[in-house]
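**Q** The sequence and its predicted three-dimensional model are supplied below.
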Amino acid sequence: MAMASDGVKWFVHLVSCLQFGRVYGVFVQVMKSGTLADRLAALTLDVKRSPHSGLGSLDSLLAMLKKKGRREALMALDAVAALFREQLLQSDRKLIKFESRKLADLEQKNKQDREGLLSEWYLEDQIKERYFSFILLLDGLLKDQQELTRLKVMGVVFDLLVEKPEREDKLLEMLVNKLGDPEKKVASKACGFLVRVLQQHPNMKLIVVEEVERLLYRTNVSPKAQYYAVCFLVQIKLADTENALAVRLVKIYFSLFKAATAKKISNPKMVSAILTGVNRTYPFTKGPQNLLDHIDHLFRYIHTVTAQVGIQILMLLYQVMEREGAITDRFYMALYRKMMDSDLLQHSGRSSSLLNLLYKSMKRDPETMRVKAFIKRILQLAMTQSTPFICGALIVISEVLKSKPNSFRAKLFQAPSVSSTAAPVKEEHSKEGTSRLPITDYSAAARNPLFCGAEFAPIWELRVLSQHYHPSVCRFADNILRNKPLDYAGDPFEDFTAIHFLDRFVYRNPKKRTEDGQSGARDMPVLSDQYLNLPEKKIPDDERFLHRYLTQRLKQKKVAVGHDDMDAASDVSDSEFDKFLDDFEKNEVDEDLDFAADMNDVSEERGSIDEDGSLFGDDDDDESVQGDFSAGEKDALNAAFSDSDGEEGDDGDDAMGDFADAPSDEDAEDYDDEMDFDDD
């Protein structure tokens with residue numbers, strides 16, 4: 001029985017060998033004369049079946065990568081990359097050369113085990129050599145003339161770099177070198193791949209920064225390659241424990257800044273990218289960084305650059321001086337002068353950065369008259385700007401007043417006096433012993449805000465802004481005059497734009513807010529059940545006529561049709577809407593329109609709401625009356641302007657809102673903002 005069983009096993013083995021011989025014969029025939037896809041499949045299958053006997057097939061695949069035909073090379077590229085990534089390479093260690101093995105590992109093995117172990121060592125050595133050859137082929141393909149080929153090869157390099165540790169130094173060097181690719185798309189893609197490498201392997205930050213630093217300081221590196229390298233460095237996310245890396249990045253940025261500004265014609269995009277990197281990295285450094293020489297260079301350079309670069313330099317100077325413990329007069333003079341740059345006010349992002357910096361600077365300034373000079377200039381700029389900037393400026397002024405003691409407000413709004421000019425005032429930068437005539441009048445063209453005579457200038461701009469055509473500007477200015485807080489936590493450069501106001505009239509759904517908080521009527525679609533079911537007192541004043549019309553229209557349709565048809569609420573003819581608007585104006589002519597009403601807390605913090613629906617109303621506001629308008633003006637205006645002067649109220653106790661806050665040292669890890677160096 002035992003002999004019969006052995007015979008059956010031998011017969012089964014013989015049959016399997018014959019079957020494998022026929023299959024292998026088919027493989028050999030396909031490898032020689034099959035189509036390109038068939039040959040690739042056969043060679044790949046042969047390597048997967050047995051790497052020991054499939055080294056020849058792997059060599060054939062590598063030889064196909066050397067062909068001039070791109071189609072054959074790219075198809076072979078996918079096959080070889082998949083073999084190395086899925087089967088041939090180790091995921092937890094690098095491959096070891098045969099000569100680097102320790103013979104002591106063979107002493108305790110028997111003959112059969114030693115032969116098997118030597119066979120594995122030899123196979124690993126051969127795979128390591130072929131993988132190095134594959135990387136060299138990839139390096140050659142990265143220089144191909146076709147952009148699509150380079151993009152595809154970069155993807156393969158990225159996959160191997162993040163998945164396998166073998167030859168990662170060479171793969172990283174190849175990927176960093178593509179930052180200098182002449183095609184913008186390829187260089188940008190390389191920057192994105194490097195960012196993703198750090199996302200998957202955060203411990204490689206220092207290694208990648210060192211490789212990028214070598215690229216930056218090459219003798220023949222192009223300015224374009226340096227620009228994309230800086231763009232990558234700016235996007236590195238740092239942690240509080242990475243002080244050494246942050247210090248190294250700051251040194252790199254300042255060395256590049258010196259080199260960029262030493263040229264007769266500097267690249268504004270490059271300088272802007274460098275300053276963005278410094279502003280984002282400096283909060284993660286600990287202790288003084290000995291940047292006094294750089295500070296002097298920044299001060300001399302600030303007045304020769306564009307508005308975007310200038311505001312970034314000022315933000316950097318503020319961070320450095322705040323870390324050192326004192327903000328110098330030179331900084332306030334530079335900021336006071338830069339406020340007159342018209343380019344800063346033509347872009348909402350720059351205007352927001354300017355107001356943010358002004359808030360922080362005035363809040364820390366102990367000089368009352370200098371703060372008054374800044375407030376005076378802010379209001380002067382606001383007189384010629386659009387509504388978003390005016391509202392932002394008034395918010396900044398309100399928050400600065402809340403952070404100062406009551407005595408500061410008394411000095412700010414006190415009547416001009418000539419008695420304070422008895423003694424001559426010395427020039428701050430004049431030679432010793434020289435003096436000038438006493439200051440008796442305000443000069444808007446003064447270079448130093450301390451010596452502009454702000455104490456002799458009344459803040460009359462607030463009174464003018466309280467009569468502004470925009471209701472929210474009127475409300476903000478009036479609250480400052482009455483010493484009332486502005487309970488507003490939104491972004492004025494988004495909430496008070498014309499497009500935001502007009503979107504409600506075309507029934508466009510509002511954008512979803514990213515901030516956590518209670519949603520108001522402005523965050524709801526005007527045709528939604530939630531909006532139409534709100535009580536009238538919770539509807540903003542400027543939307544009340546629209547809400548009332550839609551609800552009345554809906555009730556009429558329900559009575560006529562007998563069921564709730566929400567689509568009928570959007571069926572509005574021009575004549576019906578105009579008739580309703582005229583009726584509304586006749587009945588509601590005494591109401592103040594406040595475009596920022598729903599941004600405030602409606603219930604607990606602000607108290608009860610007046611019967612006329614004003615979210616900021618109180619008993620002192622009943623003196624507001626309708627002005628005398630002509631028939632044409634009544635058709636164009638929907639708001640009544642306040643003509644009475646109210647008494648000043650109590651000081652507000654509300655905490656500072658989020659509008660004027662900038663990332664501090666503790667909040668620096670939250671930066672990640674999308675970057676745009678093409679503002680100019």
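**A** Structure's in. What do you need?

**Q** Spatially, which residue comes closest to Gln200, not counting chain neighbours?
**A** In space, and not counting its chain neighbours, Gln200 is closest to Val162: 5.1 Å by C-beta to C-beta, 6 or more residues apart in numbering. Placement of C-beta: from N, CA and C, glycine included.

**Q** Please identify the helix or strand for the one you found.
**A** For Val162, the enclosing helix or strand under DSSP states H and E is helix 147-163.

**Q** Determine how far that helix lies from the middle of the whole chain.
**A** When C-alpha coordinates are averaged (C-alpha atoms, centre = their mean, to the nearest Å), helix 147-163 and its chain have centres 27 Å apart.

**Q** Give the buried residues for that helix.
**A** Neighbour counts over helix 147-163 (16 or more other C-beta atoms under 10 Å) mark 149-154, 156-162 as buried.

**Q** Looking at those residues, point me to the pair that's furthest apart.
**A** Thr149 and Val162 (21.1 Å; C-beta to C-beta).

**Q** Could you pull out the helices in the stretch 101-250 of the chain for me?
**A** Counting by DSSP state H, counting those that start in this stretch, the stretch 101-250 of the chain has helices at residues 111-141, 147-163, 168-177, 184-200, 205-216, 223-234, 243-261.

**Q** which strands and helices sit next to the fifth one?
**A** For helix 205-216, the elements it packs on are helix 168-177, helix 184-200, helix 223-234, helix 243-261, judged by 3 or more C-beta pairs under 8 Å, 6 or more residues apart in numbering; DSSP states H and E.

**Q** Just say which of those is most tucked in.
**A** helix 223-234 (a mean of 22; mean count of other C-beta atoms under 10 Å).

**Q** Next, the angle helix 205-216 makes with that one.
**A** Here the directions of helix 223-234 and helix 205-216 differ by 160 degrees (axes from the mean of the first three to the mean of the last three C-alpha atoms, to 10 degrees).

**Q** hang on, Val176 packs against Glu213?
**A** No: counting by C-beta atoms under 8 Å, Val176 sits too far from Glu213 to count as a contact (9.9 Å).

**Q** Can you pull the phi and psi angles for Pro182?
**A** Per-residue torsions, Pro182: phi -70, psi -20 (degrees, to the nearest 10).

**Q** Can you give me every residue that contacts the closest residue to it other than its chain neighbours?
**A** Excluding the flanking residues, the one nearest Pro182 by C-beta to C-beta, 6+ apart is Lys224, at 7.8 Å. Applying C-beta atoms under 8 Å, 6 or more residues apart in numbering to Lys224 gives the contacts Gly180, Pro182, Ala187.

**Q** what's stretch 258-274 in contact with?
**A** 223, 226-227, 230-231, 234, 253, 256-257, 297, 301, 305-306, 308-309, 312, 677-680.

**Q** gap between the two ends of that stretch?
**A** Start and end residues of stretch 258-274 are separated by 10 Å (C-alpha to C-alpha, to the nearest Å).

**Q** So which bits of it are buried?
**A** Buried residues in stretch 258-274 (16+ other C-beta under 10 Å): Ala260, Thr261, Ser266, Pro268, Lys269, Met270, Val271, Ser272, Ala273, Ile274.

**Q** Reformat the residues you listed into TSV and put pLDDT and secondary structure next to each item.
**A** Shown next, in TSV, are the buried residues of stretch 258-274 (pLDDT from 0 to 100; DSSP: H, G, I helix; E, B strand; the rest coil):
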residue	pLDDT	secondary structure
Ala260	87	helix
Thr261	84	helix
Ser266	78	coil
Pro268	85	helix
Lys269	89	helix
Met270	91	helix
Val271	90	helix
Ser272	91	helix
Ala273	92	helix
Ile274	92	helix
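
**Q** Take those and write them to JSON lines, including distance to Lys538.
**A** Converted to JSON lines, these look like this (distance: C-beta to C-beta, whole Å):
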{"residue": "Ala260", "distance to Lys538": "54"}
{"residue": "Thr261", "distance to Lys538": "55"}
{"residue": "Ser266", "distance to Lys538": "54"}
{"residue": "Pro268", "distance to Lys538": "48"}
{"residue": "Lys269", "distance to Lys538": "47"}
{"residue": "Met270", "distance to Lys538": "51"}
{"residue": "Val271", "distance to Lys538": "49"}
{"residue": "Ser272", "distance to Lys538": "44"}
{"residue": "Ala273", "distance to Lys538": "46"}
{"residue": "Ile274", "distance to Lys538": "49"}
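
**Q** Just the closest of the residues you listed to Lys557, please.
**A** Ser272 (56.0 Å).

**Q** Name the SS class of Ile459, please.
**A** coil (DSSP: H, G, I helix; E, B strand; the rest coil).

**Q** Wait, it touches Gln414, no?
**A** No: contact criterion C-beta under 8 Å: Ile459 and Gln414 do not qualify, at 10.1 Å.

**Q** what about the two, which has more around it?
**A** Ile459 (16 against 11; other C-beta atoms under 10 Å).

**Q** For that one, which non-adjacent residue is closest in space?
**A** Phe413 (6.3 Å).

**Q** gap between the one you found and Arg475?
**A** 19 Å (C-beta to C-beta, to the nearest Å).

**Q** what's the answer for Met64, then?
**A** 74 Å.

**Q** what about these two, which has more around it?
**A** Higher neighbour count among Met64 and Arg475: Arg475, with 27 against 20, using other C-beta under 10 Å.

**Q** Next one, pLDDT for Glu211 please.
**A** We have a pLDDT of 94 for Glu211.

**Q** can you tell me which residues contact it?
**A** Leu172, Glu173, Val176.

**Q** how does it look with 10 Å?
**A** Neighbouring residues of Glu211 by C-beta atoms under 10 Å, 6 or more residues apart in numbering: Asp169, Leu172, Glu173, Leu175, Val176, Asn177, Leu194, Met204, Ala229.

**Q** Mind picking the one among those that's closest to Thr35?
**A** Looking across the contacts of Glu211 and measuring by C-beta to C-beta, the closest to Thr35 is Leu175, at 33.9 Å.

**Q** What separation do you get for the closest one and Val195?
**A** Counting by C-beta to C-beta, the gap from Leu175 to Val195 is 11 Å.

**Q** If anything else comes up later, I'll come back, but that's it for now.
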